[in-house]
Structures are given as structure tokens and as C-alpha cells.
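predicted model, plus sequence, below.
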Amino acid sequence: MTESIKILKLILGNFNMPYLIIWLRFIKDLRLEFCVFSFF
């Protein structure tokens, strides 16, 4: 969990707003996949 927070901080520090939105979408997709896998 701490690793992902570090990565997020790096992204926040280095990239613009569009990249942030893309990353947030990517993280949401990962969460959805994780939820689906945890069910099965």
C-alpha cells in the first residue's frame, strides 16, 4: 500500500492534470479487477 502511495506522490509531483486523470482511471480499473478476482 505504501508503495502505491509513493508512486502516486511521484506522479503528482511530475505530471500534469491530464496524466493524473488517466492514472486515476487506471487505478479505478485495477480496483474493479481486484474486486472481481477476490469474488472468484
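The structure has been received and is ready for your questions.

next secondary structure after the helix or strand containing S4?
Assigned by DSSP states H and E, S4 belongs to helix 2-14. Following helix 2-14 in sequence order, the next helix or strand is helix 17-39 (DSSP H and E).

and that next one, what does it pack against?
helix 2-14 (3 or more C-beta pairs under 8 Å, 6 or more residues apart in numbering; DSSP states H and E). Just so you know, the C-beta spots here come from the backbone N, C-alpha and C atoms, and that holds for glycine as well.

nearest residue to the middle of the chain?
I27 (2.9 Å; C-alpha atoms, centre = their mean).

show the average pLDDT along the helix holding S4.
Per-region confidence: helix 2-14 scores 74 on mean pLDDT.

residue numbering should commence at 8 henceforth.
Got it, the first residue is 8 from now on, which makes the last one we talked about helix 9-21.

now do that helix against helix 24-46, angle only.
Angle of helix 9-21 versus helix 24-46, following axes from the mean of the first three to the mean of the last three C-alpha atoms, to 10 degrees, is 160 degrees.
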